[in-house]
Structures are given as C-alpha cells and as structure tokens.
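**Student:** Sequence below, structure please.
(chains A and B)
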Amino acid sequence: MRHLDDTELMAVMDGEAGAEHLQECSACRARYQVLERAMGEFTAMHRGSRIPKWKYAAAAAMVVVGVGLWWSQKRADLPNAAFTPGATRPMTQQQVCVALAQDDDRTAPREMAAVVFARYGIKDPKPRAYEVDYLITPALGGAEDVRNLWPQPYAGSVWNARVKDALEDYLRTMVCNGRLELATAQEEIAGDWISAYQKYFRTEAPLPPHAQFVKDRAWE
Amino acid sequence: MYGQWRAPLLRYLAAMGLTRADSEDVAQEVFLALGHHLQRDASQENLRGWVFRVGHNLALKRRMQLGRVAESIEVCDPGPSPEELAVLKRRQERLQAVVAALPERDRCCLVLRAEGLRYREIAGVLEMSLGTVASSLARSLGKLAEVEGR
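**Tutor:** Coordinates of the predicted model:
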C-alpha cells in the first residue's frame, strides 16, 4: 500500500482530499496525527493561549494515544480550535426564523462524522459516547464542513452536548427576535460556547433543566 | 467584523514582524479600507480573506517604509507552575526558532492557518496555488514536529 506524503495528508486535513485512506493505513494515520498535533501546538502558541494540558501528561498520553489530543485539552468540553475553528454559510436573520425545520436536523452525515473522528484521532468511538456536533449550529448559519464539526461527549461531562443545545436554542431565539446579531451569535458560540452559556444564562454551572435535557441522537 | 477579525489580524501582523504599534496602525488602515470597500458595493465574498490580503500587503509596505522588523515574536506566558513554565518556555523558544527560520511565505501560510483560514483562503491571500499552500504547511509542520522536548 502506498503511503500518503505530508502534502497529501495536509490536503486531507483541510477536507480538500478524502480521509478514506487514513481509515485503512495506520502509518498514515499516525503521521497525520503528528502533523495535526504540531498544528495544534503552534496554533495554541500563536494565539497566546495556554499550551494544552496534554503536554504536561506525556506519560498518561501513552495510554490514550488515539484519543490523546482531544481528551487532554485544558477544557475538553471545547473543540480544538485548530481542527474546528467553525465555518459558516450565508444566512440572514429572516432565514434563521423561517428555515428552522430543515436546519434543526443536527445529525452530521455519517461519512463526515468518520472524518471528524479521524481528525481528532479517535478510533472506534464507543456507542452513545459522542455527538458529532456542529460547533456553529446550522440553524445559526453553521456550515456542513468538517471544520465546523467536532466529537462532543454526549454525557459524563458537565458541559456536554445537551447543555450546548440549550444555548443554541436560546441564541437562535435571540437572533430571530432581533435582540442579537447573527454574526455575534456565531462568533460567541465558535469562540467559547461555555463562556457564552455562562454569560447568557447568568450562571457558572449548567442550569439543571438543561443538564437533563435530551434532544440529539448520540453517535451509534 | 471589526470585533471578530481585529485580534486575528493583529496576531498575523505581529507574526510578519511588525511592532504592536505598527500592527495597530496597519489594522486601522485595513478596516478603514474595508469600510470603503463595502461602501462601493464591492464583492462581499470571502471578506475574511480580503482583510488578511490587504493586511498582508500593507504590512509589507510598512516594513519597507520602516526598514525594520520586530526582533522576535513575543512568547506567551504558558504555564501555571514554575517547573512547567520553564519546560514550556524552553519548548516554545525552540518552536519559535524553527518558525523564525522558515521562509517568510511558509511562515505566513502557517500563521494564516493558525488563524483558521482554509487553504483556499490562504491561497487567495498570498496569491499562490492550493497545492503550494499544502506543501508549504507540510514542510513547516514537519519541521515543528521534529522539535524535541515535548
């Protein structure tokens, strides 16, 4: 089997080439993760953010090689900005109000979800463990793009997918009612959705009704 | 737009070697130009790419005028404990040295990518092909991945 060279792997990283080969080739997958990790590290350094916590836990990372980068971020409930910066499509405030039905189907296409897992180095995701979530929900103009998707833990975390769903619904209502600019909503949810939740719901922790809220279908 | 793109643009300009004051000046010029651009009913496609492209060109112009660049990119305060801070600082310095030694086009590609631009957008900003962007990033990340001390 021919291995992909670094340039071809970089094309996969941006979605310019398919990730099918990575599913079959462990050597290419390993190299891909090396390059992605280098990109993530540089991004963190460039943006002046703290280095992801996985750097402090090299020994532990030996155990969680396939899951390493994602699980070991300082805030595992936020996506890695290098892999999932968010992506939008043109949408007006009026469309936010009228296009709810089709955009409320938030399940990412299965083949795209597989690419997302590969990008995050997650092999064989456990059933019902993740929701492959849109960072910027389609109902708020988020694009169907791997750079707008990430594997969010469905449960077992305080800031889980259910809590984010509640924020998305609230922001959508705000935009639709003209109380919030669509671009602002997109920026806040892509930048740090947990801080946005705390700001809009005026709370440090998820409100109980939201933490219990079950809506989306988990990855199965 | 200003709130959304100002900080990424300032980081990019700093990575191009402008001082903070010069970066602020150039960013101001960019957003003034963006205002004029939008008033002319010009194309609103890929405005983020437009902002970075104009910023890149203005930064090149500013550097030529000033004949100098900032000595180094500021290393952020990385860690909570003194030991971790020391280790991480050494690692960041190694990484910074690698980045500083990259050809400017490669460094610009890398920084734009870190700001979340897609390859197609980077290609537009730096006026290069999609394949050149991918190979540039592959070279840079290959070098960064070889840095020891992780």
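**Student:** which stretch of helix or strand covers the closest residue to residue B:13 other than its chain neighbours?
**Tutor:** Leaving aside its sequence neighbours, residue B:13 sits nearest to residue B:23 (CB to CB, 6 or more residues apart in numbering or on different chains; 3.9 Å). (Each C-beta comes from the backbone N, C-alpha and C, glycine too.) If you go by DSSP states H and E, residue B:23 is part of helix B:20-39.
**Student:** and what of residue A:183?
**Tutor:** helix A:182-201.
**Student:** Buried residues of that helix, list them for me.
**Tutor:** Of the residues in helix A:182-201, A:182, A:185-190, A:193-194, A:196-198, A:200-201 count as buried by neighbour count, 16 or more other CB atoms under 10 Å in any protein chain shown.
**Student:** Strands along chain A, start to end?
**Tutor:** Here chain A has its strands, by DSSP state E, at A:130-134, A:149-153.
**Student:** which strands and helices sit next to the helix holding residue B:23?
**Tutor:** Counting contacts by 3 or more CB pairs under 8 Å, 6 or more residues apart in numbering or on different chains; DSSP states H and E, helix B:20-39 is packed against helix B:2-15, helix B:47-66.
**Student:** Where do the domain boundaries of chain A fall?
**Tutor:** By the assignment in automatic domain parsing, chain A contains the domains A:6-71, A:93-211.
**Student:** Out of those, which gets nearest to chain B?
**Tutor:** Smallest distance to chain B across those (CB to the nearest CB): 3.6 Å, for domain A:6-71.
**Student:** Test my guess that residue A:196 contacts residue A:189.
**Tutor:** Yes. With contacts counted by CB atoms under 8 Å, residue A:196 reaches residue A:189, the gap being 5.8 Å.
**Student:** any common contacting residues for those two?
**Tutor:** Taking CB atoms under 8 Å, 6 or more residues apart in numbering or on different chains as the contact rule, the neighbours common to residue A:196 and residue A:189 are A:167, A:171.
**Student:** Contact partners for the nearest residue to residue B:145 once chain neighbours are set aside?
**Tutor:** Distances taken as CB to CB, 6+ apart place residue A:38 nearest to residue B:145, at 4.2 Å, with adjacent residues excluded. Contacts for residue A:38 (CB under 8 Å, 6+ apart) come out as B:141-142, B:144-145.
**Student:** tell me the two of those residues that are most distant?
**Tutor:** B:142 and B:144 (7.4 Å; CB to CB).
**Student:** which one of those two has more residues nearby?
**Tutor:** Neighbour tally, residue B:142 and residue B:144, criterion other CB atoms under 10 Å in any protein chain shown: the higher count belongs to residue B:144, 22 against 16.
**Student:** so which of the contacts of residue A:38 comes closest to residue B:102?
**Tutor:** residue B:144 (9.3 Å).
**Student:** low-scoring pLDDT stretches of chain B, where are they?
**Tutor:** Flagging of chain B using pLDDT under 70 yields the residue ranges B:1, B:41-42, B:67-82, B:84-85, B:149-150.
**Student:** about what we covered before: so which of the helices and strands packed on helix B:20-39 is nearest residue A:16?
**Tutor:** Residue A:16 lies closest to helix B:47-66 among the helices and strands packed on helix B:20-39, at 16.0 Å (CB to CB).
**Student:** With chain A in mind, check whether the closest one reaches it.
**Tutor:** No. Helix B:47-66 is not in contact with chain A by CB under 8 Å from any CB of the partner chain; minimum separation 10.1 Å.
**Student:** If you compare the directions of that helix and helix B:2-15, what angle comes out?
**Tutor:** Computed by axes from the mean of the first three to the mean of the last three CA atoms, to 10 degrees, the angle separating helix B:47-66 from helix B:2-15 equals 40 degrees.
**Student:** give me the subset of the buried residues of helix A:182-201 touching chain B.
**Tutor:** residue A:187.
**Student:** tell me, how many neighbours does the nearest residue to residue A:33 once chain neighbours are set aside end up with?
**Tutor:** Once flanking residues are discounted, residue A:33 sits nearest to residue A:121: 4.8 Å by CB to CB, 6+ apart. Other residues near residue A:121 come to 21 when the count uses other CB under 10 Å.
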